[in-house]
Each structure stands twice: as C-alpha cells, then as structure tokens.
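> Take this sequence and fold it.
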Amino acid sequence: MTIQLNQHRIDALVLALITAMLVYSLGILLQAHLAGLDIGAWIWARHQHQFSWYSRPLFIIPAAYYAYRRKPLHVLGFIALLATSLFWFDAPTSVSPKISDYLEWEKQLFLANKNKAPLFMLLAAVGLFLFALFYAFWQRNPWYGLWIINLGTFIKIIVSLVFGQHIGLAAIIPSLSSLLVINIIAWIIWRRYR
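Numbering: from 1, shown residues only. Prediction:
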C-alpha cells in the first residue's frame, strides 16, 4: 500500500513537472510571437543548438517507462516535451558548418520543397515509429521496443546518408550517442531485474 501511494505521488509529481515544462514552452513561444518574430525561423534557429539533438533519451526513456506502466498522459506529455525541446535553448552564436548544412538540407527537403510528399512521409514515419515503440512497451515487451528504437535509428542514419550524402554524416554522432545511452540503460535494467 505504501509503495503504491509513493508511486502515485511520484507519478503526480512527474505530471506536474511535465505541465510546468509545457507552460514554459508555451511562454517562450508566446514571447517570441508577441515580439513579432517569424516563429518558423525562430524555432529553426534555436533547433541548431546541439543539446536539442542530444536530449532525446531524456524524453524517450521515461515515455517508454510510462508506456510500460500504461500511463497515456505521461507518455503524451513526454512526447510533447520532446517536440517542444526543439526551441528551449537559445540559438547558438556559432554553428558548425556540418550542422548548418545538414539542417539546411532538411529544410530544403521537408519544408521549402513545393512537393509535400517528403514531409508527409517524414510525419508518417515518425508517427509509425513512435506508435510501434510505445505499443511494444504498452504490451510489456521491452525487448521488441528496444529493437524498434535501434532499427529506427539506423534507418534514420541510412536515409540521411542516402539522400543527404556527405551532409548526412552530421546525423550519425547525435543518433548513435542517443542510441548508446538508451542501450546502456536497457542493459543496466536487464542486469538488475534478470
């Protein structure tokens, strides 16, 4: 009974933190809008901050945990945080040419392109990936979920290299570092509970 009560309090605290971070996100977005900034350009400039690339495990891991525990509000909250984390950090004063070239390639492919098929394919692929990932955890099959995240990351790298060629190299280190963190945490959990 005490463990359940403590778990309930932790879950409520996590929801409160998610809400606070989403309010913060809305606040900085609203501030940019009221300042008359072009929101798309503002988000794009801030997305060049490398921490927004490397922070993905901070959202994917707890979302998977809450999917395993079948807490949909928590899962949706962490996914919303993942999306809003694109603009949490100030635009960097200097950006590596590799990063700016990669982001420009993405922008041309998905946003500036008159053909919207690549954007719809990206949205469908991301949606399918997230659904499959969290469905695997919801069904209490973490190994299938881990397989999905590894496969999805390698597909992202392959797509970046095939379509972006040498520019796509910029996606390798952030993708593999996120994958390394996720796999190490999975290994630690497996060692502890096997």
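> Backbone dihedrals for the closest residue to Phe110 other than its chain neighbours, please?
Distances taken as Cβ to Cβ, 6 or more residues apart in numbering place Leu119 nearest to Phe110, at 4.7 Å, with adjacent residues excluded. Where C-beta positions appear, they are placed from N, C-alpha and C, glycine not excepted. Here is the backbone geometry of Leu119 (degrees, to the nearest 10): phi -70, psi -40.
> what does His49 give?
Here is the backbone geometry of His49 (degrees, to the nearest 10): phi -70, psi 120.
> these two touch, right, it and Pro92?
Yes: counting by Cβ atoms under 8 Å, His49 does reach Pro92; the two are 5.2 Å apart.
> Look at those two and report which has more neighbours.
The neighbour comparison of His49 against Pro92 (other Cβ atoms under 10 Å) goes to His49, with 20 against 15.
> Chain neighbours aside, what residue packs nearest to the more buried one?
Nearest one to His49, counting by Cβ to Cβ, 6+ apart, is Phe89 at 3.9 Å.
> Just say helix, strand or coil for that neighbour.
coil (DSSP: H, G, I helix; E, B strand; the rest coil).
> do Leu37 as well
Per three-state DSSP, Leu37 ends up coil.
> which residues sit in contact with it?
Not one residue lies near Leu37 by Cβ atoms under 8 Å, 6 or more residues apart in numbering.
> what's the spacing between it and Ile28?
Going from Leu37 to Ile28 by Cβ to Cβ, to the nearest Å gives 11 Å.
> re earlier: any idea of the pLDDT on the residue nearest to His49?
With respect to pLDDT, Phe89 has a value of 86.
> now swap in Ile3 and tell me
Reported pLDDT for Ile3: 62.
> just the one 3 residues further on next, same as before
Per-residue confidence at Asn6 stands at 86 (pLDDT).
> And Leu22, by the same measure?
Value for Leu22, per-residue pLDDT: 95.
> Not counting sequence-adjacent ones, nearest residue to it?
Ala80 (5.9 Å).
> and that neighbour, how many neighbours does it have?
Other residues within reach of Ala80, judged by other Cβ under 10 Å, total 16.
> and it, how far is that from Ala67?
14 Å.
> one step back: show me what contacts the residue nearest to His49?
Each residue near Phe89 by Cβ under 8 Å, 6+ apart is listed here: 46, 49, 51-52.
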